[in-house]
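Enquirer: Provided below are the primary sequence and the corresponding predicted coordinates.
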Amino acid sequence: MTATLSRAEAEVAPAHELAGTWHLTRLALRRDRVVLPIWIVLLSIVPASTVNTFTQFYPTVADRLALQAGANTNPSYALLYGPPFDLTTAGGFIAWRMCGFLALLTGLMVVFTVTRHTRAEEDTGRAELLASAVVGRYAALTSALLVAGGASVLIGLVQAVSMIGAGLPAAGSVAFGASEALTGLGFTAVAAVAVQLAEYSRTANGIGTAVVGAAFLLRGAGDSTVDARWLSWLSPIGWVQQVRPFAGERWWVLLLPVAFTLVVGAAGYWLLPRRDVGVGILPPRPGPARAAASLRSPLALAWRLHRGPLLGWTIGTAVVGAVFGSIASGIGDLVGSSPQAQQIFERLGGSHALTQAFLAAMAGMFAMVASLYGVQAVLRMRGEETAIRLEPVLATSVGKLRWAGGHLVFAFFGTALLLLVGGLFMGLANGLRTGDVGGSVGDALAGMLVQLPAAWVIVALAVTIFGLVPGFSAAAWAVGALALLLSLFGPVVNLPQAVLDVSPFQHPPKIPGQELVATPLVWLLAIAIVALVAGLVGWRRRDVG
């Protein structure tokens, strides 16, 4: 009798292991009803919206051939964008400029999504509560993969349809959308493994984003080095470009992300039952029984929590700054000689000399990215709160504002540090190529510093959300992403100026290339101060948790 029951239980176990998947999927979609559609819409419409821009940048065959020649002779462009297979058509140009970056952003989106609905739920104890009911062991992971993977597929589908509607060849459009969708599925599988390895959601996000970033860097190293082209074939982002949309599509390459997704995803499911709820495969390193004297203040504790992410962001900023600085003096080869091209590029970030316009545009882009670090640092406060690590601290003589101040030091001054490091390395790289290191470094640092008040506005708005509506703290990411995408792609697709002005990054003077005007900087600082004060007042008055 016992053996019969055991066999029966084994037969129905798979169904019970997935019990509740549909309900958790609906719950995840409800929780992400604002953030996820923003990701999907913005990542989907950008490629098709730049078709007309290509004809404005490069209206003649001569301009397009010059673009192709310039991209072929400068390995720095391959490091950023990938191999320039065919830049004489709008589709080939869009695939070159956007395939890698869209795959990078899609990878980040799915990592954050999977972590939010799996490991973050375990951090708060909700996953264990659900597991004690009728929810199966694999339900949470499966629902998270369905949401993230479904978003990736939807992004690829809309990209393909919109590009066909914009007049691009159907084969290239389908190849573009399919490669982006499959790359998103691959990184979804990576996230499934990351949440099994890590014990905390921030660690899982760190592992997932590190894999995404390493894939981008591996692709860049392979594409920019003649003797190491094989490195690109080790990167899921490299596979996107090796499909060659609009440049003689190689459909067989799509089998690589399919196989990668199946193997890595299976590993995630294999690891799941080999750990307990709330515990990772990789155990955390236990600390000493007694804290060191250096941890006796909220600022010291904040330093311990923020030093790892800040170091990683700083190194990444230095590397990217050096890359952009190395191509600044040759940007004319990419922009072209037509007046329309230079007008569009100057609208993106500067005036007068094209190199100065490029440096000014890059300063604005660095400020947008640095503001995302500030958002991450602010949301670390919410993570400490929801993980119930904050209450024991506040039970001592530490006040709420003093505790928050330790984190905000790194949120605001860490953002400033990233801009300084990015400006320093960008100026050094450009100065070494042009022979004017001092002048180039000074221009780059000035361009970065005038963008700092705009970055601080985004960070301060994150504090406002944390203090006043903590349940919607994740919306701070949407605020930063919206400002970034408006400033980065808005001018390219000719959005109305009133829409562009929603982003704080549209208001600082574009230096180098323009005169310093203090009025917009004062207004931005005032907005940041008001938002910061509102958030801190809300934090002081509301209950913890």
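Expert: Now that the structure is in, tell me what you want to look at.

Enquirer: so Val323 sits right up against Leu80, yeah?
Expert: Yes - the criterion here is Cβ atoms under 8 Å, and Val323 meets it with Leu80 at 6.5 Å. From N, CA and C alone the C-beta is placed, and that goes for glycine too.

Enquirer: what mean pLDDT does the helix or strand hosting Trp239 get?
Expert: Per DSSP states H and E: Trp239 is located in helix 236-242. Averaging pLDDT along helix 236-242 yields 91.

Enquirer: with only the CA atoms kept, save that helix in CSV.
Expert: Presented in CSV, the C-alpha positions along helix 236-242 are these (Å, rounded to 0.1, in the frame of the first residue of the first chain):
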residue,chain,number,x,y,z
PRO,A,236,25.1,36.1,-26.4
ILE,A,237,25.2,39.8,-27.5
GLY,A,238,27.8,38.9,-30.1
TRP,A,239,25.4,36.3,-31.6
VAL,A,240,22.8,39.1,-32.1
GLN,A,241,25.1,40.9,-34.5
GLN,A,242,26.4,37.8,-36.1
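
Enquirer: and the helix or strand following it, what other elements does it pack with?
Expert: Later in the chain than helix 236-242, the nearest helix or strand by DSSP H and E is helix 255-271. Helix 255-271 sits against helix 139-165, helix 170-197, helix 236-242, with contacts defined as 3 or more Cβ pairs under 8 Å, 6 or more residues apart in numbering; DSSP states H and E.

Enquirer: what angle separates helix 255-271 from helix 139-165?
Expert: Helix 255-271 runs at 160 degrees relative to helix 139-165, counting by axes from the mean of the first three to the mean of the last three Cα atoms, to 10 degrees.

Enquirer: I'd like the next helix or strand past helix 255-271.
Expert: Taking DSSP H and E, what comes next after helix 255-271 is helix 298-328.

Enquirer: now do the buried residues in that next one.
Expert: 298, 301-303, 305-306, 309-310, 313-314, 316-318, 320-328 (16 or more other Cβ atoms under 10 Å).

Enquirer: for stretch 121-136, measure first residue to last.
Expert: In stretch 121-136, first residue to last residue: 15 Å (Cα to Cα, to the nearest Å).

Enquirer: and if you look at stretch 241-258?
Expert: Stretch 241-258: ends 15 Å apart by Cα to Cα.

Enquirer: and what of stretch 114-122?
Expert: End-to-end distance for stretch 114-122: 12 Å, by Cα to Cα.

Enquirer: any idea how far the longest helix belonging to the chain is from the chain center?
Expert: Identified as the longest helix of the chain according to DSSP state H is helix 400-434. Offset of helix 400-434 from its chain centre (Cα atoms, centre = their mean, to the nearest Å): 18 Å.

Enquirer: so which elements touch it?
Expert: helix 298-328, helix 354-386, helix 390-394, helix 437-450, helix 452-468, helix 518-541.

Enquirer: list the buried residues of the fifth one.
Expert: Within helix 452-468, the residues scored as buried using 16+ other Cβ under 10 Å are 452-467.

Enquirer: closest to Val522 out of the residues you listed?
Expert: When the buried residues of helix 452-468 are compared for distance to Val522 (Cβ to Cβ), Pro453 comes out closest, at 8.3 Å.
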